[in-house]
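**Q** need a structure here:
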Amino acid sequence: MWLASKIKQVLMVAKPGVVTLKYPFTPRPAPENFRGAPHWDHAKCVGCAGCANHCPARTIMVRDLCQEIRVLLYDGSRCTYCGRCAEVCPEKAITMTPRFEQATNDRGDITESLELFMLTCQRCGRCFDMETANAIDKLGLTGYRYDSLEARTVLRRATDTFQPKELEKTERYERPETTGD
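**A** Numbering: from 1, shown residues only. This next block holds a predicted model:
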């Protein structure tokens, strides 16, 4: 009697089949139009820094190493995948990929860095959309930027002409130990 009951239970349980996914061995594909990690097309990027100025999480940093070379660093560890950077890019150099599983021990796996050769913009000097609809957009910086790529910090410093002293200061920048420093 006991054995027959157990066999009946096993058959009842086996009937529906497998209802769970074999995740992470067979990952589920992202839905269509899913907004995952952004990706920069180095060939299309003009280095206008519109993405850095509009990023609400401040994950995109810009540093001008001299008048001609601009480094753009994307730190994916803080990115919320809002897609604001892709929206404001005038050259459509940023696309949102379906990648969302970003767990890693190496920060370099979720970091993208572009080194761009810059020319002076002869149209306007600021190529991205001049939208001033919200407070984040009003924080835009123009000119030469000196974000700290080592500390991965957006610094609110910009100058009209390239200043090597500002670049030296930001290379040695350290995050404050306590609030208010």
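
**Q** tell me where this structure has helices.
**A** 2-14, 50-54, 84-88, 164-171 (DSSP state H).

**Q** tell me which residues of stretch 35-43 are tucked away?
**A** 36-38, 40 (16 or more other Cβ atoms under 10 Å). All C-beta atoms are positioned from the backbone trio N, CA, C, and that covers glycine.

**Q** ok, of those, which one's closest to residue 4?
**A** Proximity to residue 4 was ranked across the buried residues of stretch 35-43 by Cβ to Cβ; first place goes to residue 36, at 52.0 Å.

**Q** let me know the pLDDT of the closest one.
**A** At residue 36, the predicted lDDT confidence score is 92.

**Q** equivalent analysis for residue 179, please.
**A** 65.

**Q** just the strands in the chain please.
**A** 38-40, 60-64, 69-75, 94-96, 111-117, 144-145, 158-159 (DSSP state E).

**Q** which one of these lies nearest to residue 32?
**A** Once those are compared by Cβ to Cβ, strand 94-96 is nearest, at 12.3 Å.

**Q** for the closest one, what is the average pLDDT?
**A** 94.

**Q** which strands and helices sit next to it?
**A** Applying 3 or more Cβ pairs under 8 Å, 6 or more residues apart in numbering; DSSP states H and E, we find strand 94-96 packed against strand 38-40, helix 84-88.

**Q** residue 112 is nearest to which of these?
**A** Ranking the helices and strands packed on strand 94-96 by proximity to residue 112 (Cβ to Cβ) places strand 38-40 first, at 5.6 Å.
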